[in-house]
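Engineer: With the sequence up front, the predicted model follows.
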Amino acid sequence: MFTDILCVCGEAVCRYSSPSLQVMYCSSECRQAAADQYHRVLCLGSSQDDPDHPINKLKDAWRSMHYPPETSSIMLMARMVAVVKQAKDKAHWQKLFSHFCSRTGNEEEEIAHKLLGEKFRGQLVLLHSLFKSALYDEHLSRWFVPEGFRSLFALVGTNGQGIGTSSLSRWVHACDALELPAQQKEQLDSFIDQLYKDIEKETGDFLNCEGSGLFLLQSSCNHSCIPNAEASFPDNNFLLQLSALSDINPGEEICISYLDCCQRDRSRHSRHKILRENYLFVCSCPKCVSQMDELDMTSEEEEEEEGEAEGETEGDEMEDEMTDV
């Protein structure tokens, strides 16, 4: 597992800090582990608030292109570089990272990650330049050439797992488990629906996402629009738990969904569009196969959403695209 969460051992409440590192940790052991693994490379020290520091310039550039909390994903890439730079056994970490698929496109289908498209060329050129200025290392020279940077960018974009520890989500799950009379259940569901709508106006699509991480075993699970397992973070830290949603027979493939519940209820055409743009493949799960004869049309709700998107300015469209990943 590799994550952009600062606290190595994942405790929600931090009690120890280091004036030189300018970062909060849950214990002195946690602080030392971070320093030994990666943080010496990324430590800003007295330059913490210096807008001209190369790392600050990199983070600020990405924030200007992408809404929080996914602004942290550029630092996940930086963390990967920092770990290799500090490691005594650099080959070990390079081999570990190589387990993740690093292709930026699917040659057979000629799919390209949407953030690597033509209209984001300028942003990628800027990010590449700032990334190289802040973190270049000869042992990782392949990550600092333009094509290598694009591959690293796609690696995080296609394999990254959102880390969600929302207390609200846990409360909603507890409410779902309550045995209530039909009328009270309906009132509670209506209240929760409205609550999510109100909060979403402020949070966008990232209510239950505080960061992103790369998890070696979880990233090996393929997608299905009818998954038999799901990833969660039940302990309010970055420790991922993979739970079965149904009985899984010996030898049966464990599949998770790269789509949320609402996206899975959309048409086959819409699901394929999301998966092609974000994960570079065409789904052939049992649900998609059973819907092969459907017309390549979206539902009325999806068409309305697409119509609204077409009416936005070009700049707004760019922000929406960057936010979706």
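Structural biologist: Structure's in. What do you need?

Engineer: Quick check: chain neighbours aside, which residue is closest to residue 136?
Structural biologist: Spatially, and ignoring its direct neighbours in sequence, residue 136 is nearest to residue 144 (5.4 Å; CB to CB, 6 or more residues apart in numbering). Using the backbone N, CA and C atoms, a C-beta is placed for each residue, glycine as well.

Engineer: Would you confirm that that neighbour contacts residue 130?
Structural biologist: No - contact between residue 144 and residue 130 fails when scored by CB atoms under 8 Å: they sit 11.5 Å apart.

Engineer: Which elements pack onto the host helix or strand of residue 124?
Structural biologist: Per DSSP states H and E, residue 124 falls inside helix 121-135. When contacts are defined as 3 or more CB pairs under 8 Å, 6 or more residues apart in numbering; DSSP states H and E, helix 121-135 sits against helix 54-65, helix 73-86, helix 141-144, helix 146-159.

Engineer: Next, count neighbours for residue 201.
Structural biologist: 7 (other CB atoms under 10 Å).

Engineer: confidence score at it?
Structural biologist: Looking at residue 201, its pLDDT reads 76.

Engineer: Next: residue 295.
Structural biologist: On the pLDDT scale, residue 295 is placed at 67.

Engineer: next one: the one 5 residues further on
Structural biologist: According to the model's per-residue confidence, residue 300 sits at a pLDDT of 54.

Engineer: mind listing the strands for the stretch 101-250 of the chain?
Structural biologist: 105-106, 111-112, 161-163, 211-214, 222-223, 229-232, 241-244 (DSSP state E, counting those that start in this stretch).

Engineer: Mind checking the ones you listed for the one nearest to residue 139?
Structural biologist: Each of those has some distance to residue 139 by CB to CB; the shortest is strand 211-214, at 19.2 Å.

Engineer: Which neighbours in the sheet does the closest one have, and how are they oriented?
Structural biologist: The pairing partners recorded for strand 211-214 under DSSP bridges are strand 2-3 (antiparallel), strand 161-163 (antiparallel).

Engineer: I'd like the average pLDDT over the last one.
Structural biologist: This predicted structure assigns strand 161-163 an average pLDDT of 78.

Engineer: Please render the strands of the stretch 101-250 of the chain as JSON lines that adds distance to residue 186 and mean neighbour count to the earlier fields.
Structural biologist: Shown next, in JSON lines, are the strands of the stretch 101-250 of the chain (distance: least, CB to CB, whole Å; neighbours: other CB atoms under 10 Å):
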{"stretch": "strand 105-106", "distance to residue 186": "45", "mean neighbour count": "15"}
{"stretch": "strand 111-112", "distance to residue 186": "43", "mean neighbour count": "18"}
{"stretch": "strand 161-163", "distance to residue 186": "30", "mean neighbour count": "21"}
{"stretch": "strand 211-214", "distance to residue 186": "35", "mean neighbour count": "23"}
{"stretch": "strand 222-223", "distance to residue 186": "33", "mean neighbour count": "14"}
{"stretch": "strand 229-232", "distance to residue 186": "26", "mean neighbour count": "16"}
{"stretch": "strand 241-244", "distance to residue 186": "28", "mean neighbour count": "12"}
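
Engineer: Identify whichever of these lies nearest to residue 200.
Structural biologist: Using CB to CB, those put strand 161-163 closest to residue 200, at 15.5 Å.

Engineer: quick one: the closest one to chain centroid distance?
Structural biologist: 5 Å (CA atoms, centre = their mean, to the nearest Å).

Engineer: what's the answer for stretch 252-261, then?
Structural biologist: For stretch 252-261 - counting by CA atoms, centre = their mean - the centre lies 16 Å from the chain centre.

Engineer: what comes into contact with it?
Structural biologist: The contact list for stretch 252-261, computed with CB atoms under 8 Å, 6 or more residues apart in numbering, reads 218, 221-225, 227-231, 242, 248, 264, 271, 274-275, 278-279, 285.

Engineer: end to end, how far does it reach?
Structural biologist: Using CA to CA, to the nearest Å, one end of stretch 252-261 lies 23 Å from the other.

Engineer: same deal with stretch 163-180?
Structural biologist: Across stretch 163-180, first to last residue, CA to CA, it's 31 Å.

Engineer: ok, now stretch 279-287?
Structural biologist: This stretch, stretch 279-287, spans 18 Å end to end (CA to CA).

Engineer: likewise stretch 38-49?
Structural biologist: With CA to CA, one end of stretch 38-49 sits 20 Å from the other.

Engineer: ditto for stretch 164-180
Structural biologist: Using CA to CA, the two ends of stretch 164-180 sit 28 Å apart.
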